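# missing the sequence, but the structure's below:
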């Protein structure tokens, strides 16, 4: 036997003078997160006013699409994650300019499984946007279009455009498109 006595330990009793609150929620609410952002594929120019190129920008040489100062179009597509009914389509653009406005447009059609891929026309067109060029050349500017009427697993076919002939488009150099993402919102 040991000479060491084991003290009796009394059970914990929460204090009665102040309310006792656990450090973590007892039953935390379960909130389903939105699906992750989906990269959109930018696949094919509609005309010679849109072209793929790359050039040195400081420490890197990014590939990008250029939209000439004219009517310029580029096709793309993105897959809608399951459970999503609305999303933003975000385009990352820039320009080698310190002033001006470029007018960007979008048309899209969600294509469900079992539907024809050779639809006759795009079914939705959010309002075009006049994008003010930042005061620093090559500064990133995001252009966001809201998409509605989506169903999870739809393939969103779209055409993004620069409306270079529009009176509001005063940018005299190409608008540069570096990427596009579908961001679920609901």
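Perfect, thanks for sending it. Predicted, not measured: the structure shown is a model, and the values here were computed from it.
# Pop out the phi and psi values for residue 141.
phi -140, psi 130 (degrees, to the nearest 10).
# Secondary structure element for the closest residue to it other than its chain neighbours, which one?
Spatial nearest neighbour of residue 141, excluding adjacent residues (Cβ to Cβ, 6 or more residues apart in numbering): residue 93 at 5.4 Å. Every C-beta, even on glycine, is put in place using the N, C-alpha and C of the backbone. Using DSSP states H and E, residue 93 falls within strand 87-95.
# just to revisit the earlier point, separation between the residue nearest to residue 141 and residue 109?
23 Å (Cβ to Cβ, to the nearest Å).
# repeat for residue 129
Counting by Cβ to Cβ - residue 129 and residue 109 are separated by 20 Å.
# again, but for residue 124
7 Å.
# between the two, which one's more packed in?
residue 109 (19 against 16; other Cβ atoms under 10 Å).
# Do you know the pLDDT at that one?
Confidence at residue 109, expressed as pLDDT, is 96.
# For the helix or strand encompassing it, buried residues please.
Assigned by DSSP H and E, residue 109 belongs to strand 101-111. In terms of neighbour count (16 or more other Cβ atoms under 10 Å), strand 101-111 has its buried residues at 102, 103, 104, 105, 106, 107, 108, 109, 110, 111.
# for that strand, the distance to its chain's centre please.
On the basis of Cα atoms, centre = their mean, to the nearest Å, strand 101-111 sits 13 Å off its chain's mean C-alpha point.
# any idea of the angle it forms with strand 87-95?
Angle of strand 101-111 versus strand 87-95, following axes from the mean of the first three to the mean of the last three Cα atoms, to 10 degrees, is 150 degrees.
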